[in-house]
Structures are given as structure tokens and as C-alpha cells.
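> sequence and predicted model, in that order:
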Number of protein chains: 2
Amino acid sequence: MTERGAPSLIDVAREAGVSTATAGRALGGYGKVSQRTRERVADAASRLGYRTNGLARSMITGSTQTLGVLVSDVSNPFFATALRGITDVTQQAGFEVLLSNTGGDADAERRALAVMSEKRVDGVIVAPALPSDGAHLARAIELSVPVVQLDRLASGVPSADSVTIDNEHAVAEAVGHLLELGHRRIGVITEADGDIARLRSGNRKRGLLPSAVRLRGYFSALTEAGIPVDESLVGVARYDRESAYDATTRLLELTEPPTAMLCTDNVLASGAYRAAQDKGLRMPDDLSLIGFDDEPWTTLVRPGLTIVEQPTYELGAQAGRQLLDRIERGPGRARHVQLKAKLVARDSTAPPG
Amino acid sequence: MTERGAPSLIDVAREAGVSTATAGRALGGYGKVSQRTRERVADAASRLGYRTNGLARSMITGSTQTLGVLVSDVSNPFFATALRGITDVTQQAGFEVLLSNTGGDADAERRALAVMSEKRVDGVIVAPALPSDGAHLARAIELSVPVVQLDRLASGVPSADSVTIDNEHAVAEAVGHLLELGHRRIGVITEADGDIARLRSGNRKRGLLPSAVRLRGYFSALTEAGIPVDESLVGVARYDRESAYDATTRLLELTEPPTAMLCTDNVLASGAYRAAQDKGLRMPDDLSLIGFDDEPWTTLVRPGLTIVEQPTYELGAQAGRQLLDRIERGPGRARHVQLKAKLVARDSTAPPG
């Protein structure tokens, strides 16, 4: 941005008849300046069309009043809604938000965090792309950048605050609903890949994506109910509708197909719903289906979809509040807040036909 | 953010055995420094855990590599998708995005623009909350902050670039589709309020929200087809599903209800769809319905919804490209790009039953 011809602080000081240092203090809102001088300088700045230099002020006050937010994809309704919660809380407190889409790529996240750190953000909220490695988050905290983790807990960052949803409990409740209705062959559509054996035995919460935590909730709910896990009922999909559509179709074409299915995410649920429709299945008679997130479409389809409703806006708002609090109070014992999701029963679930 | 105990540039210079000025040039990437010195300073900075000060660099280079984006609501899928287009293009060029939700409030937009200007953003992309008054945008341009308008054109900002959708043509095409099918009583659900007489006569494009431009497209398409406009078929709603539901219900309860309806937005369309369902109407036999935007739900409902598809991601990407171009080339004749929307016919439209 070229600034040729733009009035400088020296011009403002001359116009107001004060020293440059005084003009700087008056416009920057720091140091001691009389009310009368402050007004005279402000008038001079306004007459000349002088633009306050927030950079200079930030170098003096040590605060940029800017927060960084790093998520995989802001066009995903989940992150868009959480982001709205973050900005509502932090804008009210006078902070602006610097946004980065990482595309779920850990390297992109590291680079964005480095850039934000250079831009001297006062703190960051991050949904770690690769929760198994949080070294860069730990390093940011060492460099005095407070970090609040959103939606998932990274390994190796014991000092970072967090706000998450109790995903394991939420899924257990959803599976419990199907069990109560009398279902025994319950399938799941998940984007948690591969290491199912490890998930079934493990007990960690850190280092896992929500999808993995949810899949573990599915396993443990079945196991607790005394139902042996049938891995042919676990449909692994990429994170898109088409892949979920295919995974669902495969499960529905089994010799012994499931009578009920759980989708651990909103995007996957929309693909599964479509697959069941295209197979000509009547829901809930031929198939009970549970999705995630209270998206508008879940009440527009017939039957309306039973869902696990996450408090997504509140997740973001709480992360914003915690970050502001941490910035104000400085380093200390990490605070972990877990919010509850709730099951909303609609017409897509019923006893097996 | 407290920086007590954090290593300073002086510490790095001492560690590297060079002057402070040389260390500053080496780390800031400006001025003349030998490759060997640059590496020695970088190593020293790394050993000490020194964090480059982007603020200092920005004061010297005059660029913050930061862009401002001002929209009403990032949790609205339209803006979320456009924002993704903006960030994909601008992050690749090394720019970060400072985001502000204005809630559609003109004062909030003015405040946010002032803050961003103070933070020395290199340019802004804005969907003006109150297109009838663009004075603050004109002022930003005077202060050397390039402005690209997104989705709507404000009055009084002749020098700002813009990227918009050809909404008038898009709606005319949708109404034309219904006319071709044989419909004559065609209703519309709109959030454009009040001044319908002015809209019907006016010819401006600046200063109008997309909702008003679309409503004008509805009027002109009917008029061109020789069909007198019946204002009882214009259902005005607030911008939420419930209000659209009520407005639709009122139209459907007329003595002579419409045989077809157009909703000028995705949120309104979801409320209208629901209202038609709850009235027990069969679509398309009892009612043809057209919505806006290719949201996932429009293909999950039965019948699938005929829609006007906006190139939303491309709208944001193009705005990003234009802003980068403007920053590089400096002030000049404003460039206005208009993208085309297209009608996607599905099963919710058919000849009147």
C-alpha cells in the first residue's frame, strides 16, 4: 500500500502546534496528555485526513487486539457456525479475528500459525488438523501466544486450554436409543480410518479427531450392551457425500444388512440418507438412521432425521471467552471445558420392521 | 501479550556477533545482507527462540500482507462459501484475512472498516450492509485502502471494484421457466421490503441489496410477458425460515393461491418448502417451487428443488483476485465483474396441475 502524499504524524503535530511525541501520545491513547491537547490533535488529524497507525500503537502497547483462528474449512457449516460464536464474543471485547483455512493439512497449519505469531496476534483458537502432533502449539505457547484448542485435543500440549464436545458420550446415547428400540445389527458410517483395533482398546482422548472418538463411542456402547462388534458393519468413508453414499450402499447390500445406522457427521449423514432413498428403502420401517448436527435439511426431508445435536455456536463462543480470559490472566493451569451434545429423536428411527 | 524475558533483537545481534541494524535487516528480509550473515543471524534467532516481529517489518515495508473481509454473517452458507473462495486465492498469494461480521448493521461495518484501516490492511473486500450509503467506502479508498465490493454495489463509490451476480437476469430466467410451463399466477417470497412501487419503476443497480434486484427481476419478467403484477402474490418475509414459512402460508391461503412460487434466497426457500409440505400440497402437482443456491438439502428433499445456482465460491475467488490485482497495480478505473447464475431444473417444477 503506497502512502505517498499521505499526511504524517509530523504534519499533524505541526498543524496542532505540539511536538511529534505529544501528537503520538494523543493519537495513540497512551502516556499523559491533557484533554484539551488530545482534542486539538484529534481535530488536526481529522482536518488533514491522517490515518492512525495501529502498527505503531501495537509496537508500543504490545497488543494488536487481534486473534488468530485456524480451522480446516470455513465453508463447512460446523466451523462456520463455531466461527460466528468466536467472532460474536471477541468482537464485542474489541478484538478482530485473523482467519486461516488449513484444509486439514498439518503443514499448512504450522505455516499459518507461524505467520500469525509474526503478526503478533494476542492469541489463537485452533482446531488441530493433526491432533497426534501438537508440538507447534506447545511452541507457540512458549513464545507467549496463548492457545485454545477447539473441537479436539492435541497430544503434547498440556498447557493449552480447550473446548470440546463430549463425543464419546453423545454417540453412546445415540447407539443406546437404537438398542432400546430393539436394533441389534447397527451399522456406522465413519471417516475415522484404519486402526480400528487400537481404537477399540485405547483409552486416550488426546491426539484423536472427533471422528475417531465417536467411532470409539460406538464400539464401547455395543460392547457394554454385550453385543459383539461386527466390523463388516463399519463403513469407512472419505469426508464427502459421495464416499458416504458408496459406503452406505455397500452396507445395505450385505447378505445380512444392518437394520439401523449411525452417521458420525452431518456431511456423511446426507450421503447416507440419499443412498437409503436410492435403494428404495422406507425409513424408518426398513432402516433407522441417525445423523449429526441440526442442519436445516434434517427437518426438511421426510422422514425428518433423528440427530445428535452439537452446541456448535456455543463451542465457538466458549473458546472465545476462554481465550480472552487467558490473555487477561496470563499463563496458568490449562482449563478444559467439555460441552454436552444431545439426542433429538425424529421420525427416522423406530423399532426394526 | 507479555513479552517479559523474551529475547530481543539486541540479544540476537549479540549472539550472532553482528550489529543490531544488520540483524534487523537479515531477519526482516530487507536491505543488503550477505547470505552468510543472513544464515548466521537466522541460526542465532533460532537458538534463542526469537520471534520475528511482523509489526516492525510492516512499518518498514508498508505492507501487512493482510486483507480485511466484511460480511453480515459468516455462518450463512452463502458468505461461508464466498469466504472460502477469498481465502483460497489470497492465502496462496501470502495474504492473511482479517474477518468481521457486521450483522448487516451499517454502523458496525463503519467501525470495523475503521479498525481494519488502523491495522493497516492492504485492502478490503466488503458486502456493503447498507448499499444506499457507501461514503465510508469512498473514504477508505481516499486513505489508500483498495476496496472490492462483493455481491452488491453501493452508491457513491464510483472508484471501488466489484464482483456481483447478474441477479436480475437470473430471476428473469427462473420466472421464464415457470411461464413456459404454463403458470400465470406466480408468487414470490422476498425479504426486499416496502418500496415496491419504486422498485417496479426504478432502473438503478447501485444502492440495492441483491434481494431488491431479484424482486425487480420478478416484476420485469412478468411485465415483459404481458402479465399484470398482482401485489397480493408478493410475500415479504424477514430473513429467517419461520418468517418465510408464514409468508408462504399466507399466499397459499389466498382465495386464488399461486400455482407456482419463486423464493429469492436459500433460507427463504427452506421455509417455503416446509410450509408447502405442512399444507399437504404435493409438489409439483399442486405447486411448483423454485429456490436459490445449490445447498445439499435441495437434492435430499422429495421432490428435489429446482434452483437458481449462484457461482458463490467463484464470486469470492474473483473478489480475491481483483483485490490482489488492485493492490499490485494501484488506483485506477474501477473494474466491475458480473458473474452469471444458472437455472437447475429438478422435480419441484412442472405444468400447473
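On my side now, so go ahead.
> the residue lying closest to residue A:152 once chain neighbours are set aside and chain B, how far apart?
Residue nearest to residue A:152 in three dimensions, not counting chain neighbours: residue A:131, with 4.9 Å by Cβ to Cβ, 6 or more residues apart in numbering or on different chains. The C-beta positions use only the backbone N, C-alpha and C, and glycine is treated the same way. Distance from residue A:131 to chain B, counting by Cβ to the nearest Cβ, to the nearest Å: 22 Å.
> residue contacts, residue A:131?
A:152-155, A:206-209 (Cβ atoms under 8 Å, 6 or more residues apart in numbering or on different chains).
> now, of those, which are buried?
A:152-155, A:206-209 (16 or more other Cβ atoms under 10 Å in any protein chain shown).
> could I get those as a markdown table with secondary structure and pLDDT?
Below are those laid out as a markdown table (DSSP: H, G, I helix; E, B strand; the rest coil; pLDDT from 0 to 100):
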| residue | secondary structure | pLDDT |
| --- | --- | --- |
| A:152 | coil | 94 |
| A:153 | coil | 92 |
| A:154 | coil | 93 |
| A:155 | coil | 91 |
| A:206 | coil | 74 |
| A:207 | coil | 81 |
| A:208 | coil | 87 |
| A:209 | coil | 88 |
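> could you export the residues you listed to TSV, including columns for distance to residue B:25?
Output for the buried ones among the contacts of residue A:131, formatted as TSV (distance: Cβ to Cβ, whole Å):
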residue	distance to residue B:25
A:152	41
A:153	41
A:154	36
A:155	39
A:206	42
A:207	41
A:208	45
A:209	43
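> and the closest residue to residue A:264 other than its chain neighbours, which of the three is it?
Nearest in space to residue A:264, with sequence neighbours left out and distances taken as Cβ to Cβ, 6+ apart, is residue A:214 at 4.2 Å. Secondary structure assignment for residue A:214 (DSSP: H, G, I helix; E, B strand; the rest coil): helix.
> just the one 5 residues further on next, same as before
Applying three-state DSSP to residue A:219 yields a three-state assignment of helix.
> just checking, it touches residue A:192?
No: using Cβ atoms under 8 Å, residue A:219 and residue A:192 do not qualify as a contacting pair, with a distance of 10.6 Å.
> quick check: neighbours shared by those two?
residue A:199.
> look up how far chain B lies from residue A:282.
12 Å.
> that residue in helix, strand or coil?
On the basis of three-state DSSP, residue A:282 is classed as coil.
> cool, and residue A:99?
strand.
> just residue A:261 next, same as before
Note that with three-state DSSP, the state of residue A:261 is strand.
> before we move on, what SS does the residue nearest to it when sequence neighbours are not counted have?
Nearest residue to residue A:261, sequence neighbours excluded (Cβ to Cβ, 6+ apart): residue A:187, at 4.3 Å. Here residue A:187 is recorded as strand under three-state DSSP.
> what's the local residue count around residue A:187?
Counted by other Cβ atoms under 10 Å in any protein chain shown, the residues lying close to residue A:187 total 28.
> do the same with the one 3 residues further on
Neighbour count for residue A:190, taken as other Cβ under 10 Å: 24.
> that one reaches residue A:261, doesn't it?
No: counting by Cβ under 8 Å, residue A:190 stays clear of residue A:261, with 10.8 Å between them.
> any idea how far the closest residue to chain B within chain A lies from residue A:265?
Ranked by Cβ to the nearest Cβ, the top residue of chain A for proximity to chain B is residue A:297, at 3.0 Å. Separation of residue A:297 from residue A:265 (Cβ to Cβ, to the nearest Å): 14 Å.
> do residue A:287 as well
Taking Cβ to Cβ, one finds residue A:287 at 18 Å from residue A:265.
> these two: which has the busier surroundings?
The residue with more neighbours, out of residue A:287 and residue A:265, is residue A:287; 26 against 23, by other Cβ under 10 Å.
> check that one and give its pLDDT.
For residue A:287, the model assigns a pLDDT of 98.
> with residue A:60 instead?
So, for residue A:60, pLDDT stands at 61.
> ok, residue A:165 next?
96.
> burial measure for it, as a count.
22.
> list the contacts of residue A:224.
Contacts of residue A:224 by Cβ under 8 Å, 6+ apart are residue A:172.
> swap the cut-off to 7 Å and go again
With contacts defined as Cβ atoms under 7 Å, 6 or more residues apart in numbering or on different chains, residue A:224 has no neighbours.
> and for residue A:290?
A:174, A:262-263, A:306-308, A:349.
> go again with 10 Å.
A:171, A:174-175, A:177-178, A:186, A:188, A:260-264, A:269, A:272, A:305-308, A:343-346, A:348-349 (Cβ atoms under 10 Å, 6 or more residues apart in numbering or on different chains).
> what sits in contact with each of residue A:190 and residue A:261?
residue A:235.
> please enumerate the strands of the stretch 1-150 of chain A.
Using DSSP state E, counting those that start in this stretch, the strands of the stretch 1-150 of chain A run over A:66-71, A:96-101, A:123-126, A:147-150.
> how about whatever helix or strand comes next after the last one, does it reach chain B?
Helices and strands here follow DSSP states H and E; after strand A:147-150, the next one along the chain is strand A:161-165. No: counting by Cβ under 10 Å from any Cβ of the partner chain, chain B has no neighbours in strand A:161-165; the shortest distance is 15.4 Å.
> and the next element down the chain from strand A:161-165?
helix A:167-180.
> restrict that following helix to CA atoms and write it as PDB.
The C-alpha trace of helix A:167-180 is given here as PDB (Å, rounded to 0.1, in the frame of the first residue of the first chain):
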ATOM      1  CA  ASN A 167     -18.400 -37.000  21.600                       C
ATOM      2  CA  GLU A 168     -18.000 -40.400  23.200                       C
ATOM      3  CA  HIS A 169     -21.000 -39.900  25.400                       C
ATOM      4  CA  ALA A 170     -23.100 -38.400  22.600                       C
ATOM      5  CA  VAL A 171     -22.600 -41.400  20.400                       C
ATOM      6  CA  ALA A 172     -23.200 -43.900  23.200                       C
ATOM      7  CA  GLU A 173     -26.500 -42.200  23.800                       C
ATOM      8  CA  ALA A 174     -27.400 -42.400  20.100                       C
ATOM      9  CA  VAL A 175     -26.500 -46.100  20.000                       C
ATOM     10  CA  GLY A 176     -28.400 -46.600  23.200                       C
ATOM     11  CA  HIS A 177     -31.500 -45.100  21.500                       C
ATOM     12  CA  LEU A 178     -31.200 -47.700  18.700                       C
ATOM     13  CA  LEU A 179     -30.700 -50.600  21.200                       C
ATOM     14  CA  GLU A 180     -33.700 -49.500  23.200                       C
END
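> buried residues in it, which are they?
Buried residues in helix A:167-180, counted by 16+ other Cβ under 10 Å: A:167-168, A:170-175, A:177-179.
> just stretch A:104-112 next, same as before
For stretch A:104-112, by 16+ other Cβ under 10 Å, it's A:104, A:108-110, A:112.
> name the spans of the stretch 151-300 of chain A whose pLDDT lies under the cut-off.
A:194-198, A:201-205 (pLDDT under 70).
> which residues of it lie near chain B?
So far as Cβ under 10 Å from any Cβ goes, the stretch 151-300 of chain A lies against chain B at A:241, A:266-267, A:269-271, A:273-274, A:277, A:295-300.
> so which of these belong to helices?
Using DSSP state H, the members of these that fall within helices are A:241, A:266-267, A:269-271, A:273-274, A:277, A:297-300.
> please pick the buried ones from those residues.
Using 16+ other Cβ under 10 Å, the buried ones in these are A:241, A:266-267, A:269-271, A:273-274, A:297-300.
> which one of those residues is nearest to residue A:87?
residue A:266 (21.4 Å; Cβ to Cβ).
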